[in-house]
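In: Next comes the sequence, and after it the predicted model I'd like to discuss.
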Amino acid sequence: MAKLHDEPSAVEAFDGHVLVDGPGGVAITLTPEAAAKTGEQLLEHAAVAQERPTPADDEPND
């Protein structure tokens, strides 16, 4: 499983693109359409994940 982080990513719009700078050195540039779809999917799956308890030994790695 990938590292678990509890810090949100920083997001900004620049020159018609969306820049995402996340924890652990994650950095991506998306088209506005890809960013919108990613945002929708993040919201959808965050809601599902909140309904499912996390095992006690799964601590964030920030």
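Out: That came in fine, so what should we check first? Quantities reported herein were computed from a predicted structural model and do not represent experimental measurements.

In: who does the nearest residue to Thr31 once chain neighbours are set aside bridge with?
Out: Spatial nearest neighbour of Thr31, chain neighbours left out: His17 (6.7 Å); criterion: C-beta to C-beta, 6 or more residues apart in numbering. Just so you know, the C-beta spots here come from the backbone N, C-alpha and C atoms, and that holds for glycine as well. For His17, the beta-bridge partners are Phe14 (DSSP bridges).

In: which secondary structure element contains Ala49?
Out: Applying DSSP states H and E as the criterion places Ala49 in helix 32-51.

In: what helices or strands is that helix leaning on?
Out: strand 17-21 (3 or more C-beta pairs under 8 Å, 6 or more residues apart in numbering; DSSP states H and E).

In: Give me the residues contacting the strand it packs on.
Out: 9-13, 26-32, 34-35 (C-beta atoms under 8 Å, 6 or more residues apart in numbering).

In: Taking helix 32-51 as reference, get the angle to that strand.
Out: 40 degrees (axes from the mean of the first three to the mean of the last three C-alpha atoms, to 10 degrees).

In: Show me what counts as buried in strand 17-21.
Out: Val18, Leu19 (16 or more other C-beta atoms under 10 Å).

In: same question, stretch 6-20
Out: So, applying 16+ other C-beta under 10 Å, buried residues of stretch 6-20: Val18, Leu19.

In: Kindly check the end-to-end length of it for me.
Out: 16 Å (C-alpha to C-alpha, to the nearest Å).

In: Please apply the same query to stretch 2-15.
Out: End-to-end for stretch 2-15, by C-alpha to C-alpha: 31 Å.
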